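1. predicted coordinates and the sequence they were generated for:
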There are 2 protein chains.
Amino acid sequence: MREKYLPAARESRIKSGGRLPLFQPGDIVKTLSEQLLEMESHRSIFESELRRLPLPVCPVFGSAGSPAPIRFAGSGEILKTPDNAIVARSFPLSIEASGNAVLAFSASNANPPKGKRVAVLFSGGPAAGGHNVVAGIRRALGPENTLFGVTPGPKGLIKGNLFEITDETLRMYINTGGFDFLGTDRTKIKTDEQFRQVKECCVRHNLDAIVVVGGDDSNTNAAVLAETLFRDVKPDGSGVQVIGVPKTIDGDLQVDGLLPISFGFDTATKIYSEMVGNILQDTRSSLKYWHFIKLMGRSASHVTLEVALQTKPAVALISEEIAEKKQSFSSIIDQIARAVVARSRKGINHGVVLVPEGLIEFIPEIHYLIVELNDVLAHNDKEFSRLHDSARLIFIQNKLSSENAALLASLPDYIVNQLLTERDSHGNLQVSLIPTEQLLIDMTARYVREIDASIPFSAQSHFFGYEGRCGAPTRFDAAYTYNLGLTAASLVLDGRTGYMASLTGLGDGGHPVAIPLTGLLHIERRQGQDEFVIRKALVRMNSPSMRYFVSRRDDWADDDHFSSPGPRQMWGPAAHQQPITVALNSNAGSLEFKIG
Amino acid sequence: MREKYLPAARESRIKSGGRLPLFQPGDIVKTLSEQLLEMESHRSIFESELRRLPLPVCPVFGSAGSPAPIRFAGSGEILKTPDNAIVARSFPLSIEASGNAVLAFSASNANPPKGKRVAVLFSGGPAAGGHNVVAGIRRALGPENTLFGVTPGPKGLIKGNLFEITDETLRMYINTGGFDFLGTDRTKIKTDEQFRQVKECCVRHNLDAIVVVGGDDSNTNAAVLAETLFRDVKPDGSGVQVIGVPKTIDGDLQVDGLLPISFGFDTATKIYSEMVGNILQDTRSSLKYWHFIKLMGRSASHVTLEVALQTKPAVALISEEIAEKKQSFSSIIDQIARAVVARSRKGINHGVVLVPEGLIEFIPEIHYLIVELNDVLAHNDKEFSRLHDSARLIFIQNKLSSENAALLASLPDYIVNQLLTERDSHGNLQVSLIPTEQLLIDMTARYVREIDASIPFSAQSHFFGYEGRCGAPTRFDAAYTYNLGLTAASLVLDGRTGYMASLTGLGDGGHPVAIPLTGLLHIERRQGQDEFVIRKALVRMNSPSMRYFVSRRDDWADDDHFSSPGPRQMWGPAAHQQPITVALNSNAGSLEFKIG
């Protein structure tokens, strides 16, 4: 990966001191073509300047120029979940060591161990800031310890694909987005054979610690790995420490008072907010379109809530609210249609509706329809599959409860067809394939016509997803992740295992925290089996951010009040904002963050 | 429009001195909720700071603090097209006055006329910088002349919807994106009744001049309007001057040596380039997807070429090249499939393909298929419409030439269905509805399988369009448009009509230029009628930008060399870049522009 990254000629130039293209005093004047050639492979003016930005460090790490690792002590807080007792039986070693105690800074680590060999891997979808986590780890480990990169992801750990990360190879990646330095994958380490292979990798590379950068599932996997590798891994009987770092653009990895947000969320939501802001500006310029915009977040609506707070659209649907209020599908459509009609009567024939990706699965009535459909299909599979397309709907309708038959009949044909034809390998309907944004448009059009056929309603749909995962990190994500890396490496050097690195006090310099992973575990039934999980943090109705949204949304539906955080600024007066939801939920005094 | 824009309480605050939220020394400390409330309606930290950015002016306008209008004289260059003689017969008054002579700066306009009443309107799709055009016009007109905004677009002119633009109302719009200050529409003023209504509007508001901000069609319309309104409009026999300002994100309004680029292109392509750059980064992080990305540009591929030069993807298709080389559809697919296979054999199972929106219509063989299909359908409409869906394809196949029958048979079913069912009001196939990016994915998958079934090929599609039209203008577009506005108003005050404002020397301070619109007109047959048109500037194979692209693209297909211009920076070291295509085509020494 890394060897391929740079064409050879450039690699040597970088090694000779990381000279950047353009603006170098004393340079021989180059033609524009020559300059353009030098700007290939992540050397645009923007990317080259990005690498020069300062990396602030929390006060406990000392000076930004030479941050030093810290030591930890119990903060006094002990974590537990309702499934505490069962967890304790499965993670005896980890819990005996940690006592599920949250750790905080105790002292600077004046004499950190030497000769430690640490591996770092990315797991799951990319998020902005991963490279700065690696940079922070490398920095805190210092020259006396060795850092390896695992390529790619957990699969790379199983295969034992490691390479040594030097300051030199890292230089090109500081402050850049994506996970391309190491690559990533979604393998979950769970079989005995996989654990054996991981242990073999640890022995072969004589590893002392593994840092897993990932979301809720990956951090659960890290907890299991920490217990499995606790001792007796290497010939001398020693174990391998495992530390997690909280990543996910969905923002659903949060711990009250201990983990304000997962990294990557700020960058992704600011990318989406710029796009949504641009489209809002377009609606008011073109004066004739509604735009229905689906945003990432299958489980939680944090992304939609944050983008709504940033941009103030006419409508933003929050899945958790719909589930909690048990809203019917028709009431959701009715709500949108009424906003369309009310605005139109004031001469506003445009607007934006934000839709979280997972919405459809949160609507109780759709949920019941799906459950019954799956059941009916499972029990009548042979007969159903022999039927001609046109006969299938009637066949199914007759088997459904009257409520579900009516709901199915109310959906557009293409949705019904999709529901009845696309099934996954378990024979279940693939709800995630439903184009929710188009479904909402078609249903809204129907409702608007019913309310008042003279109201114009013309709509476009969008889905913003991949665009937000790999952008260059905001100054917030860049600073946050670098310090998460310093924290993770400090935990390694302090001999800890089974912890997730975190940072609190984001408006107050930043305070490193270590969260015992076992203290977050619940038991959940997944595909018929009890599994340990870190529960996804959902949007809570009584959170300050949701309450603020609820207090303003009627005004936003009533008339245009939109604004935009703009494209992410890395320099200048608009470069230092944290997410609005995070600021509100942590009772911050302003949007400005202060790390370092 | 403008009255609705600001809730009353805010309007008064703005009027009392434009106080911005946050960061005001001496402010009473506000809660975060209060701050958020103040950030609604385009008052985010970013948007508020954006309005404070300096607006540079070309040296001929004097100081940036108090720019003054200029006077013009012939530059010595006379424009003509092959259709010159016919144009001269239809535009006698304009050409008698202008002689089709290009104008340049002659002197500062020390005693500009007073009491002039000027209207400005936006026409066609929004583009970043329109508000700064208005700001430039307002500034150069000075306090002794009056500027009106027309809402919305040409339709507003016909209806006579004008309001006076004051410095106060303008303040909120400086440096902001979109056309929401005035709105826009796509009405073409062409009937006698419409011209009568426009004249009535001119008389009613006692207008002296109209500035039309628009693309090739709108500037053609401006030429016609200039001739029509040349004299005898108002009771005293006087006419109304008409000046055009070149706008279009597609970049297809360019004039060799006189108009380097239309405004909005730089912002749109930098927005798309950031998204494409993010996705490129994602491909190398996730290591398993190809992304096919459709970009705006139905007629010309300037957007795709610019984004390709900014981001260096594996493949970028240029419609004009395909047409010029008469490439077959299968050869295009083959080219993509071979890149997929060659990369895969090196272990690279990812990549990005850029596709210009209009591609499909530029492929000669598809063009002939469409022509024959339209013909066959027109002659067999009754019989065809009586047939069942499943019989239609066979019916059509039998009527087509063997080449076209084979081509049709090679297309995926959903494309064939779409071709045969969706027709416009003239009964023609709606080529623009074909999802080109999905078609390319499906055909590529088939070709890759044929070459080597073991090659993994998993692809996603995207279309970036609306997202790029209304973003905040780049520093380039902001400076460019402000000076286009100063130039347009200077032309009005200098008594000119039938000119398009332009700026050359973008690396050299900027030189205002006036292009006689009649010197750009060609005759083209559209829908069976001869019409005057300003020909869209297409990508030329021998242009420096295309030649540079051709010289590098094989390397980009061969291995990842991508980079990204990043999110648009308004402050800091990466804020001052012009488009790469513009810099190359104008033989610039670097990407840095210098206006003012």
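-> Done, it's in.
2. going by C-alpha atoms from here, please, whenever you check contacts or count neighbours.
-> OK.
3. compute the distance between residue A:156 and residue A:187, please.
-> 9 Å (CA to CA, to the nearest Å).
4. got it, and residue A:387?
-> From residue A:387 to residue A:187 the distance is 39 Å (CA to CA).
5. who has more neighbours, those two?
-> With neighbours defined as other CA atoms under 10 Å in any protein chain shown, residue A:387 and residue A:187 compare such that residue A:187 has more, 16 against 12.
6. which ones are touching that one?
-> By CA atoms under 8 Å, 6 or more residues apart in numbering or on different chains, residue A:187 lies in contact with A:123, A:153-155.
7. mind checking which of those residues are in helices?
-> Using DSSP state H, the members of the contacts of residue A:187 that fall within helices are A:153-155.
8. adding pLDDT and neighbour count, write those out as a markdown table.
-> As requested, those are arranged in a markdown table below (pLDDT from 0 to 100; neighbours: other CA atoms under 10 Å in any protein chain shown):
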| residue | pLDDT | neighbour count |
| --- | --- | --- |
| A:153 | 97 | 27 |
| A:154 | 97 | 27 |
| A:155 | 97 | 21 |
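9. what's the closest of those to chain B?
-> residue A:153 (9.8 Å; CA to the nearest CA).
10. what sits closest to that closest one if chain neighbours are left out?
-> residue A:184 (4.3 Å; CA to CA, 6 or more residues apart in numbering or on different chains).
11. phi first, then psi, for that neighbour.
-> Torsion angles at residue A:184 (phi, psi; degrees, to the nearest 10) stand at phi -150, psi 160.
12. ok, now residue A:401?
-> The phi/psi pair for residue A:401 (degrees, to the nearest 10) is phi -60, psi 160.
13. how about the lengthiest helix in chain A against chain B, any contact?
-> As assigned by DSSP H, the longest helix anywhere in chain A is helix A:265-286. Yes. Residues of helix A:265-286 are located near chain B by CA under 8 Å from any CA of the partner chain, namely A:274-279, A:281-282, A:284-286.
14. which of the three states applies to residue A:353?
-> strand (DSSP: H, G, I helix; E, B strand; the rest coil).
15. residues touching the closest residue to residue A:523 other than its chain neighbours, list them.
-> Nearest residue to residue A:523, sequence neighbours excluded (CA to CA, 6+ apart): residue A:532, at 4.7 Å. Going by CA under 8 Å, 6+ apart, residue A:532 touches A:87, A:220, A:521-524.
16. next step: those residues restricted to helices.
-> A:87, A:220.
17. ok, the contacts of residue A:532 vs chain B, which is closest?
-> So of those, ranked by how close each gets to chain B (CA to the nearest CA), first place is residue A:220, at 21.1 Å.
18. what about that closest one, how many neighbours?
-> 25.
19. surely it touches residue A:521?
-> Yes. Judged on CA atoms under 8 Å, residue A:220 makes contact with residue A:521 at a distance of 7.4 Å.
20. thinking again about what came up before, pipe the ones in helices among the contacts of residue A:187 into TSV and attach distance to residue B:95 per row.
-> Shown next, in TSV, are those (distance: CA to CA, whole Å):
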residue	distance to residue B:95
A:153	69
A:154	73
A:155	73
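21. any low-confidence regions in chain A?
-> A:1-28 (pLDDT under 70).
22. how far away is residue A:584 from chain B?
-> 7 Å (CA to the nearest CA, to the nearest Å).
23. what's near enough to touch that residue?
-> Shown in contact with residue A:584 (CA under 8 Å, 6+ apart): A:544-545, B:32-33.
24. also residue A:484?
-> A:133, A:136, A:245, A:501-503, A:512.
25. same check on residue A:475?
-> Contacts of residue A:475 by CA under 8 Å, 6+ apart are A:570, A:575-576.
26. how much space between it and residue B:583?
-> Where residue B:583 is concerned, residue A:475 sits at a distance of 30 Å (CA to CA).
27. then residue A:479?
-> Residue A:479 is 35 Å from residue B:583, by CA to CA.
28. ok, these two, which is more surrounded?
-> More crowded of residue A:479 and residue B:583, by other CA under 10 Å: residue A:479, with 26 against 22.
29. pull the most distant pair out of the contacts of residue A:187.
-> A:123 and A:155 (9.2 Å; CA to CA).
30. which stretches in the stretch 301-450 of chain A count as helices?
-> Taking DSSP state H, counting those that start in this stretch as the criterion, the stretch 301-450 of chain A contains helices spanning A:302-311, A:319-324, A:329-345, A:359-362, A:364-379, A:381-386, A:389-399, A:402-410, A:413-421, A:436-451.
31. tabulate the ones you listed (CSV), appending mean neighbour count.
-> Below are the helices of the stretch 301-450 of chain A laid out as CSV (neighbours: other CA atoms under 10 Å in any protein chain shown):
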stretch, mean neighbour count
helix A:302-311, 28
helix A:319-324, 19
helix A:329-345, 18
helix A:359-362, 21
helix A:364-379, 17
helix A:381-386, 12
helix A:389-399, 14
helix A:402-410, 15
helix A:413-421, 16
helix A:436-451, 19
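32. what's the closest of these to chain B?
-> Closest to chain B of these is helix A:302-311 (CA to the nearest CA; 8.2 Å).
33. for the closest one, which outside residues touch it?
-> Residues from elsewhere that reach helix A:302-311, judged by CA under 8 Å, 6+ apart: A:249-252, A:265, A:269-270, A:272-273, A:276-277, A:295-297, A:316-318, A:354-356, A:538-539, A:546, A:549, A:562-565, A:579-581.
34. of the residues you listed, which belong to strands?
-> A:295, A:316, A:354-356 (DSSP state E).
35. which of the residues you listed has the most neighbours?
-> Neighbours here mean other CA under 10 Å. Within those, the largest count is held by residue A:355, at 28 neighbours.
36. that one contacts residue A:298, doesn't it?
-> No. Residue A:355 is beyond contact range of residue A:298, at 10.6 Å (criterion: CA under 8 Å).
37. from what I see, residue A:195 and residue A:189 are in contact.
-> Yes. Using CA under 8 Å, residue A:195 is in contact with residue A:189, at 6.7 Å.
38. more neighbours: which of those two?
-> residue A:189 (20 against 17).
39. which SSE is that one in?
-> Residue A:189 belongs to no helix or strand when elements are defined using DSSP states H and E.
40. now do residue A:53
-> Using DSSP H and E, residue A:53 sits in no helix or strand.
41. return the residues of the stretch 201-350 of chain A in contact with chain B.
-> Looking at chain B, the residues of the stretch 201-350 of chain A close enough under CA under 8 Å from any CA are A:274-279, A:281-282, A:284-287, A:312.
42. using JSON lines, lay out the residues you listed together with neighbour count and distance to residue B:333.
-> As requested, those are arranged in JSON lines below (neighbours: other CA atoms under 10 Å in any protein chain shown; distance: CA to CA, whole Å):
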{"residue": "A:274", "neighbour count": "25", "distance to residue B:333": "34"}
{"residue": "A:275", "neighbour count": "27", "distance to residue B:333": "31"}
{"residue": "A:276", "neighbour count": "33", "distance to residue B:333": "34"}
{"residue": "A:277", "neighbour count": "32", "distance to residue B:333": "36"}
{"residue": "A:278", "neighbour count": "25", "distance to residue B:333": "34"}
{"residue": "A:279", "neighbour count": "26", "distance to residue B:333": "33"}
{"residue": "A:281", "neighbour count": "29", "distance to residue B:333": "37"}
{"residue": "A:282", "neighbour count": "30", "distance to residue B:333": "35"}
{"residue": "A:284", "neighbour count": "26", "distance to residue B:333": "40"}
{"residue": "A:285", "neighbour count": "28", "distance to residue B:333": "38"}
{"residue": "A:286", "neighbour count": "23", "distance to residue B:333": "36"}
{"residue": "A:287", "neighbour count": "20", "distance to residue B:333": "39"}
{"residue": "A:312", "neighbour count": "30", "distance to residue B:333": "43"}
